[in-house]
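Visitor: only the shape, not the letters, is given here:
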């Protein structure tokens with residue numbers, strides 16, 4: 001499936017860059033038809049997942065924000081530089097939060113990289 005709207009951004013793993021990523025995700029959510037509460041949910045999920053990536057690397061992080069009609073999908077990836085061999089993951093509270101505010105999310109480790117995907121769909125019902 002091809003996105004009808006996509007934003008790509010590469011950031012250094014600095015907390016000051018989180019605001020820009022959240023704003024881009026919120027903008028995409030608004031364009032996809034998410035209401036204010038759904039946009040806030042998307043921003044929260046993106047914030048939690050990007051922070052996991054930031055804790056794993058000093059390398060740049062690629063963020064891809066795609067709109068598929070009323071659904072926004074945000075993907076992030078970077079090189080996993082965790083020197084202790086531990087698998088980076090969301091904390092229990094963060095996992096509960098992301099699960100509650102997103103329609104779907106996954107955090108994956110493959111071949112020295114860590115990545116996430118999170119999606120949120122506009123759930124507004126249209127009445128005649």
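Guide: Okay, I see it. Owing to the predicted nature of the structure, the values given are computational and were not obtained by experimental measurement. Numbers count the residues shown, from 1 in each chain.

Visitor: quick check: residue 15 touching residue 54?
Guide: Yes. The pair residue 15 / residue 54 is scored as a contact, 7.1 Å apart, by Cβ atoms under 8 Å. C-beta: built from backbone N, CA, C; applies to glycine.

Visitor: compare the two (neighbour count), which wins?
Guide: Legend: neighbour count by other Cβ atoms under 10 Å for residue 15 and residue 54, higher for residue 54 (19 against 9).

Visitor: which residues touch that one?
Guide: Neighbour list for residue 54: 13-15, 18, 61 [criterion: Cβ atoms under 8 Å, 6 or more residues apart in numbering].

Visitor: buried set for the longest helix along the chain?
Guide: Looking across the chain with DSSP state H, the single longest helix is helix 36-54. Buried residues in helix 36-54, counted by 16 or more other Cβ atoms under 10 Å: 38-39, 41-50, 52-54.

Visitor: I'm done for today, thanks for sticking with me.
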